[in-house]
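**Student:** Coordinates only, no sequence provided:
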């Protein structure tokens, strides 16, 4: 089976779908001739023509609005917003339009579309190239929010997102593009090729949205995470030796509530981990849900490990980043060790 | 220590205290209307360039005003395109129908039968002429004051009223405020309520049509006030870059609720002129002249169909009524301004034209008006039998949990159960 890093897997997902469905089109800033600043759309224009993959001006609001019009026409646009930090000019189009066309027209109109966008820190991107804005989207009814953590999942989830008839925000943990990341900033990048999740089928397959993955079964505590934090959490689990069950959500909306509830009822303890700032972050929703569904099974307070409630500081990247040390401390608190 | 001359030099470079311009309309309540800044052209005066004219070679049209009918209703000049009489009669009928419909729905709101209504009085030609100049399957992305599109494309009157009353006839199941229709069969997009969002969407739709080798074009409408939104700029940029087959209409009815067009920059340059900076052809058209609106729309549509790209059309008109049922325009503008509007009323003017041509009479017109009033009143009775707002005659409340996604997820299912529906 071919080995792919996450960028190649994402590229392969788009190429596979463009091959399969002539309605799939790709556009965004620098995505055409150049192939994208992260190379995610490399060769797509050469392969499928400028009508199917083209450059857009620097107009995130316009890109998303045009995608809505194209989706309403009957195409399946996949647009790239170069950094999730740049998605805010498109918020009105996402929140008031993409998310609500189906509802407000009672199903007459809808716009299948995927907004791909690299998110998260760990690359010295400062406060405009590091943000994790996922909870702004999970709060919006009518949007789906998907975040992969491996090349295999990235391709399968992106294909499912492209095939989905509802708008999907597909956030790509850019720190994981070339290799998994434990959160230890002093460790060099390990290429994906040495990990099994880099074995990605050449052709079509999909991973259904709304199904979490138990990446490590365990008995002592449940760790709920997604994106880059899956790898950070795994490192912390390994370093503490605590028998944690690690759940990679993969899709935040729809949420696989059953897998979460089953695990927390089993372990009675829970640590929620995300890179985004804490207040009103997705971890708050997860904590509330666990409290509602698992209160009588809980043996310790739910722990949250998150980014601090500050903007992402350039020179203090590793003090800010919720690395394995902070996750490990939370794990120990949760199990009373 | 600065040299002795330094202080003097600095003082010389300083100008007087800075100040802003805060635009103010020509007439407030109780004041005489002032039409001296309307930038009018004489009927028939403005040239009609060939559709393949380069935008650079027709910039003057953004600063002129395309008019066809003179004061006697006689069509003059190059924009007189000999529109078939049948189309003109259809236009007249649908403009009258629109006005009658508006009148009845406005009254229904005042009687407490619905929450809200918006009339388009004085602006009927803009949507009705466009609907007739476009092909029936060209895609329309309207703002909220183009009800003539639905009526001209024969969206059922009863269904429209159902939407206004949010009753059991409402195809939108009571989810949208009155007037925010959706009419897919008539190729009219769902109305948002957030202004200008539809503008770049129309460009995207037109791009998709061209990318798919389709022949349908798109048209969209925005008010003078909301040209200030970023979406307006996105739309014009994308339309210009890709030569999208779309008509970008700006309905300049002079007022955005209480803000006159100058608050959106209309005193500095005509709204049509915004197209020039993008390299788009721009027409400024008398929006109360049915023949001019029709001819301009046809010109832009031909251009789009010939793969020559988008056109910006400013439709110069006057919002004869309040912004909505929640507005009282006597608080901020002269009541005389609309009554004496130099470009008249679109229905009166087309009527005059048809009578002048000898193809229509006052008598026929009166009979048609009566017929349409009866039609609207009769349909209204039928609509009200299916419920008015607040009577509880609606779609089942369980439907409010549907269509959030294609399939509800566990949240909508559980919350619906919790709500007891």
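**Tutor:** Yep, that arrived. Keep in mind it's a predicted model, so treat the numbers as computed, not measured.
**Student:** Please make it C-alpha for all contacts and neighbour counts, starting now.
**Tutor:** Fine.
**Student:** Which parts of the stretch 201-337 of chain A are strands?
**Tutor:** Assigned by DSSP state E, counting those that start in this stretch, the strands in the stretch 201-337 of chain A fall at A:213-216, A:221-225, A:244-248, A:251-253, A:270-277, A:303-307.
**Student:** wait, I meant the stretch 201-350 of chain B
**Tutor:** Counting by DSSP E, counting those that start in this stretch, the strands of the stretch 201-350 of chain B are B:218-223, B:246-252, B:255-256, B:259-260, B:282-286, B:311-316.
**Student:** rewinding a little: let me know which of the strands of the stretch 201-337 of chain A is the nearest to chain B.
**Tutor:** Checking those against chain B by CA to the nearest CA gives strand A:251-253 as the closest, at 8.9 Å.
**Student:** Report pLDDT for the residue in the stretch 51-200 of chain B that chain A sits nearest to.
**Tutor:** Chain A sits closest to residue B:172 of the stretch 51-200 of chain B, with a gap of 5.1 Å, by CA to the nearest CA. We have a pLDDT of 98 for residue B:172.
**Student:** Contact partners for the residue nearest in space to the middle of chain A?
**Tutor:** For chain A, the residue nearest the mean C-alpha position is residue A:147 (1.7 Å; CA atoms, centre = their mean). Contacts of residue A:147 were listed using CA atoms under 8 Å, 6 or more residues apart in numbering or on different chains, and they are A:154, A:170-173, A:226-227, A:250-252.
**Student:** Next: residue B:146.
**Tutor:** Taking CA under 8 Å, 6+ apart as the contact definition, residue B:146 lies against B:120, B:124, B:126-127.
**Student:** ok, now residue B:142?
**Tutor:** Applying CA under 8 Å, 6+ apart, the residues near residue B:142 are B:188-189, B:191, B:198, B:219-222.
**Student:** Looking at chain B, what residue ends up closest to chain A?
**Tutor:** Residue nearest to chain A within chain B (CA to the nearest CA): residue B:204, separated by 3.6 Å.
**Student:** picking that back up, okay if I get the strands of the stretch 201-337 of chain A as TSV plus mean neighbour count, mean pLDDT and distance to chain B?
**Tutor:** Listed next are the strands of the stretch 201-337 of chain A as TSV, based on neighbours: other CA atoms under 10 Å in any protein chain shown; pLDDT from 0 to 100; distance: least, CA to the nearest CA, whole Å:
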stretch	mean neighbour count	mean pLDDT	distance to chain B
strand A:213-216	16	98	18
strand A:221-225	28	98	19
strand A:244-248	25	98	19
strand A:251-253	24	98	9
strand A:270-277	27	98	21
strand A:303-307	23	98	23
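**Student:** picking up where we left off before, neighbours of the residue of the stretch 51-200 of chain B closest to chain A, just the number please.
**Tutor:** Residue B:172 has 25 neighbours, counted by other CA atoms under 10 Å in any protein chain shown.
**Student:** Please apply the same query to residue A:280.
**Tutor:** Residues near residue A:280, counting by other CA under 10 Å: 12.
**Student:** Which pLDDT value goes with residue 97?
**Tutor:** Since you didn't name a chain, this refers to chain A. Residue A:97 carries a pLDDT value of 98.
**Student:** that's the wrong chain, I wanted chain B
**Tutor:** For residue B:97, pLDDT reads 98.
**Student:** if I pick it, what's in contact with it?
**Tutor:** Applying CA under 8 Å, 6+ apart, the residues near residue B:97 are B:151, B:369, B:372-373, B:376.
**Student:** show me where the chain has helices.
**Tutor:** I went with chain A, as the question did not name one. Counting by DSSP state H, chain A has helices at residues A:6-20, A:44-48, A:60-73, A:91-92, A:101-104, A:134-138, A:151-163, A:228-240, A:257-267, A:282-294, A:317-320, A:324-335.
**Student:** Chain B is the one I meant
**Tutor:** B:4-13, B:85-110, B:124-133, B:147-152, B:157-165, B:198-211, B:230-242, B:274-277, B:290-305, B:335-339, B:346-356, B:362-385, B:410-419.
**Student:** Buried deepest among those helices, which one?
**Tutor:** helix B:198-211 (a mean of 29; mean count of other CA atoms under 10 Å in any protein chain shown).
**Student:** quick one: contacts of it?
**Tutor:** Outside helix B:198-211, the residues touching it (CA under 8 Å, 6+ apart) are A:51-52, A:62, A:65-73, A:75, B:140-143, B:191-192, B:215-222, B:231-232, B:234-236, B:238-239, B:242, B:244-246, B:248.
**Student:** Need the buried ones from those residues selected in PyMOL.
**Tutor:** A single PyMOL command selects the buried members of those (16 or more other CA atoms under 10 Å in any protein chain shown):
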select buried, (chain A and resi 52+62+65+66+67+68+69+70+71+72+73+75) or (chain B and resi 140+141+142+143+191+192+216+217+218+219+220+221+222+231+232+234+235+236+238+239+244+245+246+248)
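**Student:** What's the end-to-end length of stretch B:59-76?
**Tutor:** End-to-end distance of stretch B:59-76 (CA to CA, to the nearest Å): 22 Å.
**Student:** which of the residues in it are buried?
**Tutor:** B:59-70, B:73-76.
**Student:** Now residue B:167. Nearest residue, chain neighbours left out?
**Tutor:** Using CA to CA, 6 or more residues apart in numbering or on different chains and skipping the chain neighbours, the partner closest in space to residue B:167 is residue B:394 (4.4 Å).
**Student:** if I pick the residue in the stretch 201-337 of chain A positioned nearest to chain B, what's in contact with it?
**Tutor:** Nearest to chain B, among the residues of the stretch 201-337 of chain A, is residue A:254, at 6.7 Å (CA to the nearest CA). By CA under 8 Å, 6+ apart, residue A:254 lies in contact with A:144-145, A:209-210, B:409.
**Student:** Could you do residue A:72 as well?
**Tutor:** Residues near residue A:72 by CA under 8 Å, 6+ apart: A:109-112, B:205.
**Student:** isn't residue A:175 right up against residue A:129?
**Tutor:** No - with contact defined as CA atoms under 8 Å, residue A:175 does not count as touching residue A:129 (11.2 Å).
**Student:** intersection of neighbour lists for those two?
**Tutor:** By CA under 8 Å, 6+ apart, the residues touching both residue A:175 and residue A:129 are A:120-121.
**Student:** For residue B:340, see how far away residue B:332 is.
**Tutor:** Distance from residue B:332 to residue B:340, by CA to CA: 17 Å.
**Student:** what does stretch A:94-101 contact?
**Tutor:** A:64, A:68, A:107, A:109-111, A:140-143, A:166-167, B:190, B:192, B:194, B:197, B:404.
**Student:** Now residue A:142. Nearest residue, chain neighbours left out?
**Tutor:** Spatial nearest neighbour of residue A:142, chain neighbours left out: residue A:99 (4.3 Å); criterion: CA to CA, 6+ apart.
**Student:** any chance of the contacts of residue A:254 in a markdown table, plus pLDDT?
**Tutor:** Output for the contacts of residue A:254, formatted as a markdown table (pLDDT from 0 to 100):
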| residue | pLDDT |
| --- | --- |
| A:144 | 98 |
| A:145 | 98 |
| A:209 | 98 |
| A:210 | 98 |
| B:409 | 97 |
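**Student:** which of those are buried?
**Tutor:** A:144-145, A:209-210, B:409.
**Student:** returning to that earlier point: with neighbour numbers in mind, choose between residue B:332 and residue B:340.
**Tutor:** Counted by other CA under 10 Å, residue B:332 and residue B:340 do not tie: residue B:332 has more neighbours, with 16 against 12.
**Student:** follow-up on the earlier one: which of the helices of chain A sits most buried?
**Tutor:** Among those, the stretch with the highest mean neighbour count (mean count of other CA under 10 Å) is helix A:60-73, at a mean of 29.
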